[in-house]
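>>> only geometry, no sequence info:
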């Protein structure tokens, strides 16, 4: 299972009590931060998300509403006595920006910052539970999406069946990984007779900021939950396109083409005091649509 | 009259619903921002302080809790269509930091940013109402205090007296400026016979961040209101000194030596959930002491 908590769903500036972009994705064992607009550390504190548990931060691009809160968060982590290495995945100039600010303060972090430059569509991280890849989206400056995919979950041993077939427990690990059982006498027993399906391996795709860009749909094919930016309502399609942003409808079209299970909309323009219309418009194209609401934890 | 609004009174990190340092000083005609910790633009928005009216920003030093909110505020001013030049007074590296971030975003402000490097204790600004000077304080890195002093207010013409002495109205401006009246017949009438005292010319001094540093008292002599940092209570005097911060008592001693009328304490360490003890301790040395509370506008 993945849990996605929205810290900020607004674009460009904080407005209408909405914050600039930031999200936390959690697995059983890790917390990942995606983007870090101004005020992210205050939102984390309000939502009781402990920053010391975050070891990997993904910054989609270097527009300020996606990273102006990072330097403050890094500083606070240091003042809170963080020791663990912190990994930051981002376009290249971020390292220079952060290092210049620490230089100006004559400040030295008590932990190591490891910058990973985003250059190719590739796997950025994996552990026993999850793999994280980046993919290109289409914005005015270099910008990346992130795809979180749980590894295939182990199959469940059926205790009655393994007992009935008299399978030794030494073989259980292979059975959990989907292999058939082969006895000493070279007799083969199909895995499906001895195990049941493991939990669904969840997937989550983060797509912001981007204009309507069909290749995204291929990259995130069959994803369970896709967050896609939707800065404007459908009547401002031209404005959206000229600024490399998407409308509600365009976000829904990507979700549909990707055969996603569910769509979260976000990155709303400050011109909208209410965001309910976004949901209505998008759900005409892709029914299972919700606006990403700050403070809400979406389970996948 | 000067009005000082506290946007943030905490040190280092946001905590206990307190924000990092920022204040707005207003005269009849201008708004000045002093320091700009993360979240300053949100605090301004919550307190209905319009950023477009601010033309001068003073940054005391380049520790993050005093300027990490600046880049977001500058960006938002641009998105809100600001056209007026904005003046920033700060230690030198700030210009590089801000320019690098705009370069990374491929962003161009619709207004001119004019950086003024703080180098000497000197006058930074004056208009018809006020002069603003900077002075050195004693912190781990280069750090400046700011002294706001209203110009001497004009004397009030006493209508009965000028009528009794038959003074022509052409002479009123000179009288308001304190000059004696000299008639065509070279007869001199003392100013005090014709005018009464103008309103008190208010003064405000901002002293943060600094260890206990007696020269400050001379620089701000007879000030009406002094804001002095007081990161720790008196039992942590050694810690304060080693970190170039002050205690409640030390802040009070500076106010007393300066013959200030009133002391505001601020920049409280996050280790203190409640700040009331600061007031108690300091007022034993300097009675007219208050903790700077966020959202409160102090009139001088």
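Right, received. Where do you want to start? Just so you know, these numbers come straight off a predicted model, no measurement behind them.

>>> what are the ranges of the helices in chain A?
Along chain A, the stretches classed as helices by DSSP state H are A:40-46, A:70-79, A:93-104, A:159-164, A:172-176, A:215-219, A:237-242, A:248-257, A:276-285.

>>> Give me the neighbour count for residue A:1.
Residues contacting residue A:1 under the criterion other C-beta atoms under 10 Å in any protein chain shown number 14. Every residue, glycine included, has its C-beta placed from N, CA and C.

>>> show me what contacts it?
If you count contacts by C-beta atoms under 8 Å, 6 or more residues apart in numbering or on different chains, residue A:1 has them with A:27, A:28, A:150, A:199, A:202, A:299, A:300.

>>> And for residue A:65?
Neighbours of residue A:65 in contact, by C-beta under 8 Å, 6+ apart: A:10, A:11, A:12, A:13, A:20, A:21, A:37, A:38, B:75.

>>> Enumerate the beta-bridge partners assigned to the fifth one.
To tie it back to what came earlier, the one meant is residue A:20. According to DSSP bridges, residue A:10 are recorded as the beta-bridge partners of residue A:20.

>>> Can you name the residue of the stretch 101-250 of chain A nearest chain B?
Using C-beta to the nearest C-beta, the closest approach of the stretch 101-250 of chain A to chain B is made by residue A:104 at 4.0 Å.

>>> which residues touch the residue nearest to residue A:53 when sequence neighbours are not counted?
Leaving aside its chain neighbours, residue A:53 sits nearest to residue A:31 (4.9 Å; criterion: C-beta to C-beta, 6 or more residues apart in numbering or on different chains). By C-beta under 8 Å, 6+ apart, the residues touching residue A:31 are A:24, A:25, A:49, A:53, A:54, A:55.

>>> what's the answer for residue A:193, then?
Under the contact definition (C-beta under 8 Å, 6+ apart), the residues listed for residue A:193 are A:161, A:165.

>>> make it 10 Å
With contacts defined as C-beta atoms under 10 Å, 6 or more residues apart in numbering or on different chains, residue A:193 is in contact with A:158, A:161, A:162, A:164, A:165, A:180, A:181.

>>> How about residue A:223?
Residue A:223 makes contact with A:147-149, A:202-205, A:207, A:217, A:255, A:258-263, A:300, according to C-beta under 10 Å, 6+ apart.

>>> Identify the spatial nearest neighbour of the closest residue to chain B within the stretch 151-300 of chain A, chain neighbours not counted.
Taking C-beta to the nearest C-beta as the measure, the stretch 151-300 of chain A has residue A:270 as its residue closest to chain B, at 8.2 Å. Once flanking residues are discounted, residue A:270 sits nearest to residue A:15: 3.8 Å by C-beta to C-beta, 6+ apart.

>>> these two touch, right, that neighbour and residue A:268?
Yes: at 9.2 Å, residue A:15 and residue A:268 qualify as touching, with contact defined as C-beta atoms under 10 Å.

>>> neighbour-wise, which of these two wins?
Ranked by neighbour count (other C-beta under 10 Å), residue A:15 and residue A:268 place residue A:268 first, with 26 against 19.

>>> show me the residues around the more buried one that make contact.
Applying C-beta under 10 Å, 6+ apart as the definition, the contact partners of residue A:268 turn out to be A:9-12, A:15-16, A:18, A:229-233, A:248, A:274-275, A:278, A:291-292.

>>> Check residue A:140 too.
For residue A:140, the contacting residues are A:61, A:63, A:209, A:211, A:242, A:243, A:244, A:245, B:105, B:106, B:107, taking C-beta under 10 Å, 6+ apart as the criterion.

>>> Now tabulate those residues in CSV and tack on distance to residue B:171 and pLDDT.
Compiled in CSV, the contacts of residue A:140 are given as follows (distance: C-beta to C-beta, whole Å; pLDDT from 0 to 100):
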residue, distance to residue B:171, pLDDT
A:61, 67, 98
A:63, 61, 98
A:209, 66, 97
A:211, 70, 98
A:242, 64, 97
A:243, 62, 97
A:244, 67, 98
A:245, 65, 98
B:105, 59, 97
B:106, 61, 96
B:107, 56, 95
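
>>> so what's the nearest residue to residue A:50 once chain neighbours are set aside up against?
Excluding the flanking residues, the one nearest residue A:50 by C-beta to C-beta, 6+ apart is residue A:44, at 7.8 Å. If a contact means C-beta under 10 Å, 6+ apart, then residue A:44 has A:5, A:7, A:22, A:24, A:31, A:33, A:36, A:50-51, A:54, A:69, A:73, A:76 as its contacts.

>>> among those, which ones are buried?
Of the members of these, the ones counted as buried by neighbours, 16 or more other C-beta atoms under 10 Å in any protein chain shown, are A:5, A:7, A:22, A:24, A:31, A:33, A:36, A:51, A:54, A:69, A:73, A:76.

>>> Among the contacts of residue A:223, which ones are in strands?
Judged by DSSP state E, strands contain the following of the contacts of residue A:223: A:147, A:148, A:149, A:203, A:204, A:205, A:207, A:262, A:263.

>>> Show me which pair in those is furthest apart.
The most widely separated members of the ones in strands among the contacts of residue A:223 are A:149 and A:263, with 17.4 Å between them, by C-beta to C-beta.

>>> about what we covered before: settle this for me: the residue of the stretch 101-250 of chain A closest to chain B is touching residue B:68, isn't it.
No: counting by C-beta under 10 Å, residue A:104 stays clear of residue B:68, with 11.2 Å between them.
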